Structure formats: C-alpha cells, structure tokens
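Q: Model the structure of this input:
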Amino acid sequence: MIVVVAGTAPVLGGGAAPPVLIADGVTVAGVPVGGMSYEQAQAAVTPAFERPLHLVLGPTRMRVAPSHFGMSVAVADGLSRAFDASRGDAVELVPEIDAEVVQGFVRGVEQRLSYPAKDSELVGLKGLVPRFSNARVGRQVIVGAMTKRLVRALKSPENRRVRIAVRTIAPKRTAAKFGPVIVIRRGANELRYYLGKRLVRTFGVATGQSVYPTPTGQFEIVDMQLWPWWRPPASPWARGLKPIPPGPGNPLGTRWMGLSAPGVGIHGTPDDASIGYSASHGCIRMHIPDAEWVFNHVHLGTPVVITDA
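A: Alright, predicted model coming up:
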C-alpha cells in the first residue's frame, strides 16, 4: 500500500524496522565484525576458528585441524557481547581446548622431529694418522615452548602459522676437537700420542714377545690406576708368583692404563733396558716418566690403535 500525504513524497507502508548491526570497528577474537548483522558476523567468526594450523620447521610442514585438539568455541556468546559493544571495541572469545590432547600431540611431534647429536668416532688410521667419522648436530623439540605456541595459535584465529620450537644439540666430540688418541706401532716398538690428527709426542716402548704377542686392533682405555699392584695373571708363565704391592721394583711401575683387550695395558717398567724390544708378556711397557706423562694426558675411553706397522 502507498500512502500519499499532501506536500510529501509517497512512503512505503508497513513500518519495517532497519536491521540491527554491530557497531563499526568492533572485532571478535581479532576478526572484524563491525557493521555486520548476526548472520554475517557468524559467517565471519566461525570459519576463522576452523582454519587449520600450519606447523613449520625449515622444509617440514604439518597441517592440523583445530578439531584435532577437542576445541570448542562459544561463537553465539561472543556475538552477543559484540552487539553490546561500543564502536572500536575488541571482544574476546577464548575457545576451550583439551590440554592433555595438546600435550600428547606435542610429544608426538617431539618424537618425530627430535634426534640426538652424533659424536665423531675414530674409524681407523690413514697411514699412521687417526681418521674420524663426521659429527652431527642434534635437534630437540622444546615441549613447553611448543605447547604455548600451539595454544596461543588455537586461541587466535588471526595467525594460524606456528613455528615449531626447537634447540640444537652440539656434539660433545668433533673431528677438529677429538682429544687424545694413542697409536702403538708394534713392529717399531713406538707409542704415538695424538690430539685428533696432530702428532704431539712419540715414545719408545716394549711390546709382547713372539710367544706372548701384543694384540693388534682398536681398543680403548678402560682402567687407570695410580701406584698399581701387580697381580699374577692366569697364565703358565706367572704360575706360583705372588702379588707385588706398589713401590720400587713393581713390574707395572707407577701407572697402569688397562685396555679393553683383556689383560693388556700400558704401564711403566723398572726394566728400562727392555724398551725398544719385544720383551713383554703382551703389555706395552714404557719408561716410568713417560708412562706418567701419558697417564696425565689420557682418560677413560681414550682410543688406542695397535698396528703391526
């Protein structure tokens, strides 16, 4: 129906009220909803929270739906407060998140993306010079920081990109800083002390007799003793002999460095005349001051390579 009033333009009848709109500049959880109706605002806010999260670590990409974390959002409550808000207000809307699910997810990411550092290892000799494997830097996902970043992203639909929190783990031992290595030349009765690949000192030694040869191969120091006792081994040549306490004349001198080769060690000897010859029962004898120097410059685990060269 058209109503005509004298002196005015025609006016449509029915008296329809204009739609109620949210005040200009209002946001809900960072999503602009100013000037929108309820339906328009709902269509803007709901999908914003449903957008997947993108987890990033270098070339690694992971895409995860918020529903994976049992997340729920009271959009209706947020919109109701938005209609009561004044121009430019920022309305908070915090979703509910299952903390145990988030933590379990982060633990899974940790297991998938973390790996230990790898130390350099002695892999043999090149000539007489030690040769080492390459070290590798490790990586550890920082569970606490990663959990906080994930929760923050779930609560903020504006930013769905999450950088995975990690720290690097340096190897304890690299080829450049490997530490001591001992190379024993059985054929030349020589002990060579290296720091990594750098030859530091050489010493004359006595190695095993032909009937009691010093074993060849790669070993490590597993026992270190100051002022050791000598105890007769279970071998025919030592049958009937008694232990000898520390002191002058002890066959082991003042220092003992036992190897992972059973019954074999590097030690001092009071028999200086034997140095330079194949004279021992399998051990590596040294002048007592030389054995003391080596003892002070090695540690448990120091690799020892014995070669025929």
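Q: A strand includes residue 102, no?
A: No. Per DSSP: H, G, I helix; E, B strand; the rest coil, residue 102 lies outside any strand segment and is helix.
Q: Adjust the sequence numbering to begin at 165 for everything that follows.
A: Sure, I'll start numbering at 165, so the last one becomes residue 266.
Q: ranges for the strands of the stretch 215-364 of the chain?
A: Residue ranges of the strands in the stretch 215-364 of the chain, as given by DSSP state E, counting those that start in this stretch, are 217-221, 224-228, 254-255, 286-290, 293-296, 302-305, 325-327, 330-333, 344-349, 354-359, 362-368.
Q: tell me what the longest one is packed against?
A: So that's strand 362-368. Under the contact criterion of 3 or more CB pairs under 8 Å, 6 or more residues apart in numbering; DSSP states H and E, strand 362-368 touches strand 354-359, strand 448-451, helix 452-460. Yep, even glycine has a C-beta here, placed from its N, CA and C like the rest.
Q: any idea of the mean pLDDT for the shortest one?
A: In this case it means strand 448-451. Mean pLDDT, strand 448-451: 98.
Q: any residues touching it, and which ones?
A: Contacts with strand 448-451, where a contact means CB atoms under 8 Å, 6 or more residues apart in numbering, come from 348, 355, 367-371, 378, 417, 428-433, 435-436, 438-439, 443, 458, 470.
Q: Drop anything exposed from those residues.
A: Buried members of the contacts of strand 448-451, scored by 16 or more other CB atoms under 10 Å, are 348, 355, 367-371, 378, 417, 428-433, 438-439, 443, 458, 470.
Q: ok, back up a step: so which of the strands of the stretch 215-364 of the chain is the most packed in?
A: Comparing the strands of the stretch 215-364 of the chain by mean neighbour count (mean count of other CB atoms under 10 Å), strand 344-349 ranks first with a mean of 22.
Q: relative to strand 286-290, how tilted is it?
A: The directions of strand 344-349 and strand 286-290 differ by 40 degrees, with axes from the mean of the first three to the mean of the last three CA atoms, to 10 degrees as the criterion.
Q: tell me the angle of strand 344-349 relative to helix 452-460?
A: For strand 344-349 against helix 452-460, the angle by the same axes, to 10 degrees is 140 degrees.
Q: in its sheet, what does strand 344-349 sit against?
A: Strand 344-349 has the following strand partners under DSSP bridges: strand 354-359 (antiparallel), strand 467-471 (parallel).
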